[in-house]
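*Asks:* here's a sequence, model it:
(2 chains)
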Amino acid sequence: MSSVYDTVEPSVVDEEMLQKAVEEQGPQGQAGRIARDEGVQYHEVCQLCLDYRNILKIDHLWQFTSLTKLQLDNNIIEKIEGLERLTNLVWLDLSFNKIEVIEGLDTLVKLEDLSLYHNRISIIENMDSLQKLHVLSLGNNLLRDLDNVVYLRKFKNLRTLNLAGNPLCKESNYKVFIAAHFPELVYLDFRILDKQTREEALSKYQVVINDMRKEDLLELKALDVKRRDEEELQLHKDAFVEFLNGPYLFESMYADDTEAVKLAYLPGFSLTLLLTFQSQMVALCMQVFEMGLEQHHRRKAEVSCFFECSLEAVRENQQKATELVAAFESCRREMQQTTDPKLLEAQQKQHLDETCQLRDKLMILELQLVDQLEEIIKDFERNITDMVGGFIESVQGIYPFITTCRDLENNHNERLQEIAVAALDKAAANELEEDMPEGEQLPFFDKDTVMNAVSASHDIHLLKIDKREDELVTRINSWMTVLMKSIQDAEGKRNRKRISEIHHYIDYVKTQLDEVTLHRTL
Amino acid sequence: MDERRKGATIGTESPKIEELLQEGQGGRELEEMEKSPSREAVSTARPALSPRPEVDPSRCPTSYKENSPQEKLLLAVAENFHAQYSHLYPERKPLLLCPLNECGVPKFVSTTLRPTLLPYPELYSWEGCASFVSDFLSLEPLDAPIDPPKQLSSPTWVLQTRRGNCFDFSTLLCSLLLGAGYDAYCVSGYAVKEMCLLNQSHHECPLLLNEKKEKTEEQNSPVKKYSVKPPKDLCSGFERMQESKQQAQAQAIILQRQQEMERLEMEKERPSPDPLLGLWVHSWVLVLSGSREVAENFFIDPLTGKSFPTVEDCFVGVESIWNHRNYWVNMQDCRFGCSEMSYDLGDITRWEYLLFDPWGNPALPVSNVKASADLVDGDEDKEDNEEPPVFEMPPSWVKRIQISEQDMEMRYPGGMKVIQYRKARLEKFAPYLLNDGLVTRLTTYKDVNCIQPITMKEWFQHRQDYLQERQLTKADNVTMELFRPGRSYSLKSHRYVTLVPETEREMEFYSHARADGLAKRVELPTEMTETFEQRTDFLYHRHVVFSRLSETSDQGQRSIEKVVERFHRNQAKPASEDTAERVFLISEGRIQVTYHSEDDRIIPAWLSFVKPHDSQKQPFTSDMVSMFQVDPFEKPKKNLLLYEMLMSLMKEEEKVMLRVMDSEKEVRAILALREQEERKIKLHISIYNTARNEKARTHREMKARLAKEEQVRREQKELDYLAPFLAKLGDPETLTRQEALQLRSDCLTDLKQRLIDKANLIQACFEKETQELQLKQQWYQKNQLSMSKEDEATYLAYCSDAMFRIHVLKLRLSRHKDKAPQKYLALEEKLRRDPRLAAHLC
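*Replies:* Below you'll find the model as predicted:
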């Protein structure tokens, strides 16, 4: 039987075939006539059927971007290809072909119904992105491994599955296995999955199912936790105080500080000194962090209040304008109905006046709105600038964060210096050498080295603190600028759009009027 | 505890008063003084009541006809108290202390109160009690409206006769309230004339007041920070001022006129000044705060069942108050009404009590009493330290108050009650009393004399057609009917003039119960507007205009001229493709479609089609369509698309016409059904209503009968002395004579044997006891000399014990001997009567 197919000449997907198919499958009758007159654009076609055409290679379908249903069954296709651009596909039929590997479907994220019936597929794979899959037919293929089917569990919407005619169906526990692994599945192999099978599956695979459920739950939880963490971080970032609710800053201060490690070996250097320094730093950071969050909430409330009010104003204005236009439009339509020539003429004149009036009215309304919005935008800008300024100031100076940080660091530094000097004195007296480890003796040969190390460490710490401060200030400022700019832009855009809309409408009415007059004079 | 305990003798008063009292003058003088206001002026129009039913003394319990010693003591105390009181305050009216009851026996008022909680949930709250009392009884005015009555009937008698004066009312109400746990008191005092005579024709109907209240509710939204300022007003302020001045003037004139009119009307309505103001005796109920979560003191007028704050000026004065424990006389000045009164009953400068009762009033701290009492006469306490027992209020002489379920349901005397309000008349009926299920009817009038009715509102219950309320406006003859959920077509309300189709009407539906989500349908002779709710296709409005031509004759179908359908915004579609309005101008052959306007636009896009006369033959051309696209840069729609739209719209048009016809059919069906229902009104009887539901009752009775029969049968079976012998014979259906005789003799021998056995048993016991005693006696006599005293005592105790036992056994034996032949004869007699054996034995 295969020899019969082999003798047939494979055909190529070309312009002619596509044109013909589109015309045949497009609208018929009167509609078809109109369609032919107008010409059909390939990118508007929604359905295409290319069955029984001996197509060997899928090709030239990239133009059909809005295609939702594509039938390529009963051909001799060997490889799934050339479908990447058909992202709107919902229904894809590739049954009765010679496909060996599932591939090239990654971009078809909207796919719900996929048929690969009667092909030569041996492994289910490469379908990760088809999350909407509802119906899947893989019957009459070469699937052997039952465990491979578990791959399909990732499709939460899968309700219908066809695996009939595969070697794996011969396995004794095939049905029960599927029923156990797909609790949501309704139809299997053209039949409804009955209760009995399900119960059997439940008893047979209880352990597996429980494990699966547990895994799912864990996964879900992990995802949830991750999402929550991300959300929190995002909130902190929005408040510009991320990583200030803990010893992060302190740790980063010491992360790049190689000298500190060495200094720790100084005699008289106690761990408590470092610890108190750390706890003081952390307390400060927490203060700033909390203030940042609070300020963030205030800013957020301010912004949302502004948007709410401006939206309200725009809505109200729109409402008025819409009413005006609607009244005018109904008037105009009524006028179009009158047939009495004399009356019509008078009406037309009046109508022209009314049109001008309407335009003026709409324009006035728009100008009013622009004025009103400009005012509140100014208010808002002032307030938000005040807020941001206040926040920066309190972080920078008045509120003793950076300054205090610096003070703390300086204090710490002084203490270190004192300790260093004391240690050096002792070194000079040669009292040290017994209890110092061998390698560490080196830096304490002279005073300068030690003092240099201390100051280098100090510099690094200060640099970190400054950097954090700079980052905060720049980011908050840029946020403000972007926000204000976006508001201004949106307002400008809105204004332009409205004005063009009014003009467009008035123009349309006028041309209509002219047409009628022209008609009359003719 | 203190001297006040002898309150029974009113220790507070000085001996001087008692001397005076002995002369026996003070009281009489006072009585004469009280008779002064003329009776004739008072006996105004009184509703004619049937003569009072006579008391049948033989059916009254003894407590009604006699006084217990305690009560007698109480009466003496009260008399003493009254005598002193009337001597001290000769200008005050006599107190109502011991009126006669219905049997002519004097009873103290507090004992007439019988706190009772009845097993009806509605009587658990004061509102329920008050409205029940006001509904249940009919008022009998006082014999002398300015004197307290001479007679006060028991609540049971009042409930039985269902009539009484205001004191009877308040006694009953107070009994119920006390039973329900309220801190309630009967009040004897003075009120305005309208209240005493239950004349409410100057009051607004409470039902109407509620409606007015509901209407006045508004909400203001708060001002936000960034709200835009309103646009500048460019009109001249001066001009506006002038204009408003003029308007104000004009309005002032109108207002003045209106006020004048109102004033005149008010004057007309105002009752003539009452010469007896402040003298009308009335009785009501006072509820004090504290118990049952009552936050503030208030009055209840038992005649209307309404509550009043204690400062209400229709209560003119308070003479005395009492509950089931005590009696207090008001010592406060009531010249300016009750608004200044204090109800702290522990304050003896304001309230003089009759009985000292340290536990009776929980609101009163004991220490307080002590202190105040000490102040009065502390020296007396030292003289006699032995404390006389506190005299407590004797229990009520009244029997338990009982109200049957039937009475409860009938509620009003005779099942109906009419109340006249200002410009309104309220009629109440018991449920199931009227055949059409009417329970309340409220008629409002234009004028005070109640001649020209404005509206008539009726409430129904238990109607099988679910009718709940009907309102008829007289002016335009419009009827409004409200239905409960559950009717066919989910009809909720119906407003109409006549029940003829194609006239003006308005129907509302329970839209959630309908598949098409129809909420309202308004009809005019040539128009129909339907409103929908929560439809999946977002349709919410359909307006149909029918042709004016009176071609209604052919099959009653009117031809449709125009259909307008409006849709809500479907957020799933872009605005320019989401239809907002479809207008099918059927007579003109055109279809107009307007789309929703986008969020930031003010002008919607629209399309207008001219229908081809023959869609098959006439080719589609672009001049059949006119359209406006909001976005000038958008590509114009393709002809193919337009053609397809036209086709689908034409199909829709046909569907819409069918739907309109369905609606018309529905209206006709509803009207026909309503007419049929009104012609033959049926009332729904719940299966739990055992009194009315015939089926349920017969079922219940049959069940009861079966149960009884079963019980009787079982009893017989249990007592069947023939059963064991019958069982021996193998339980034959019928007995032969031989068998019967055998049975009889068996039965009798068995009994005889048992009796003999019993006699033998007793005899054996007897003999054994005697023998033992004899043995013991012998043993005693032997060892008498060598016995200790204790042993001797035990021996004597044993002897007396044994003698007693022997005596008992002897008695038992002799009685058995007496009884045994009787028992034997009785069984013989029974066997002769037994239906199974009777046939063979006689």
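*Asks:* tally of neighbours for the residue lying closest to residue B:435 once chain neighbours are set aside?
*Replies:* Counting by CB to CB, 6 or more residues apart in numbering or on different chains, residue B:681 is the residue found nearest to residue B:435 once chain neighbours are left out, at 6.5 Å. From N, CA and C alone the C-beta is placed, and that goes for glycine too. Neighbourhood size, residue B:681 [other CB atoms under 10 Å in any protein chain shown]: 16.
*Asks:* now the strands for the stretch 451-600 of chain B?
*Replies:* Along the stretch 451-600 of chain B, counting by DSSP state E, counting those that start in this stretch, strands occupy B:453-460, B:467-473, B:478-483, B:491-496, B:505-509, B:518-524, B:527-532, B:539-546, B:560-567, B:579-585, B:590-595.
*Asks:* how far off centre is the last one?
*Replies:* The gap between the average C-alpha position of strand B:590-595 and the chain average comes to 58 Å, counting by CA atoms, centre = their mean, to the nearest Å.
*Asks:* over to the third one?
*Replies:* Its chain's C-alpha centre lies 27 Å from the corresponding centre of strand B:478-483 when counted by CA atoms, centre = their mean.
*Asks:* just give me the neighbour total for the residue in the stretch 501-650 of chain B that chain A sits nearest to.
*Replies:* Residue nearest to chain A within the stretch 501-650 of chain B (CB to the nearest CB): residue B:602, separated by 4.0 Å. For residue B:602, the tally of surrounding residues (other CB under 10 Å) stands at 24.
*Asks:* and if you look at residue B:500?
*Replies:* Using other CB under 10 Å, residue B:500 has 10 neighbouring residues.
*Asks:* not counting sequence-adjacent ones, nearest residue to it?
*Replies:* residue B:671 (7.5 Å).
*Asks:* give me the element the one you found is part of.
*Replies:* Take DSSP states H and E as the rule and residue B:671 turns out to sit in helix B:639-679.
*Asks:* how close does the spatially closest residue to residue B:446 that is not a sequence neighbour get to chain A?
*Replies:* Closest residue to residue B:446 apart from its sequence neighbours, by CB to CB, 6+ apart: residue B:452 at 4.4 Å. For residue B:452, the distance to chain A equals 44 Å [CB to the nearest CB, to the nearest Å].
*Asks:* check contacts around residue B:452.
*Replies:* Residues near residue B:452 by CB atoms under 8 Å, 6 or more residues apart in numbering or on different chains: B:445-446, B:474.
*Asks:* can you select the buried ones from the residues you listed in PyMOL?
*Replies:* Remark: buried members of those, expressed as a PyMOL selection using 16 or more other CB atoms under 10 Å in any protein chain shown:
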select buried, chain B and resi 445
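*Asks:* now the contacts of residue B:452 as CSV including pLDDT?
*Replies:* Output for the contacts of residue B:452, formatted as CSV (pLDDT from 0 to 100):
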residue, pLDDT
B:445, 89
B:446, 85
B:474, 87
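*Asks:* what residues sit buried inside stretch B:582-593?
*Replies:* Residues of stretch B:582-593 classed as buried by neighbour count (16+ other CB under 10 Å): B:582-586, B:591-593.
*Asks:* of the residues you listed, which pair is most distant in space?
*Replies:* Using CB to CB, the two most remote members of the buried residues of stretch B:582-593 are B:586 and B:593, lying 14.8 Å apart.
*Asks:* measure how buried the residue nearest to residue B:500 is and give me the count.
*Replies:* Here the number of neighbours of residue B:671 (other CB under 10 Å) works out to 20.
*Asks:* excluding chain neighbours, what is closest to residue B:723?
*Replies:* In space, and not counting its chain neighbours, residue B:723 is closest to residue B:717: 7.4 Å by CB to CB, 6+ apart.
*Asks:* tell me how far that neighbour lies from residue B:710.
*Replies:* Separation of residue B:717 from residue B:710 (CB to CB, to the nearest Å) stands at 11 Å.
*Asks:* residue A:212 now?
*Replies:* The spacing between residue A:212 and residue B:710, counted by CB to CB, is 61 Å.
*Asks:* these two: which is more packed in?
*Replies:* residue A:212 (16 against 10).
*Asks:* I figured the more buried one hits residue A:181, correct?
*Replies:* Yes: contact criterion CB atoms under 8 Å: residue A:212 and residue A:181 qualify, at 7.4 Å.
*Asks:* a markdown table for the contacts of residue B:452, including distance to residue A:104?
*Replies:* Below are these laid out as a markdown table (distance: CB to CB, whole Å):
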| residue | distance to residue A:104 |
| --- | --- |
| B:445 | 87 |
| B:446 | 86 |
| B:474 | 82 |
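*Asks:* for the nearest residue to residue B:447 once chain neighbours are set aside, give me the pLDDT.
*Replies:* Nearest in space to residue B:447, with sequence neighbours left out and distances taken as CB to CB, 6+ apart, is residue B:423 at 7.1 Å. What the model reports for residue B:423 is a pLDDT of 84.
*Asks:* please apply the same query to residue B:380.
*Replies:* 41.
*Asks:* where's residue 232, which helix or strand?
*Replies:* Here I'm looking at chain A. helix A:206-238.
*Asks:* wrong one, I was asking about chain B
*Replies:* Secondary structure assignment for residue B:232, by DSSP H and E: no helix or strand.
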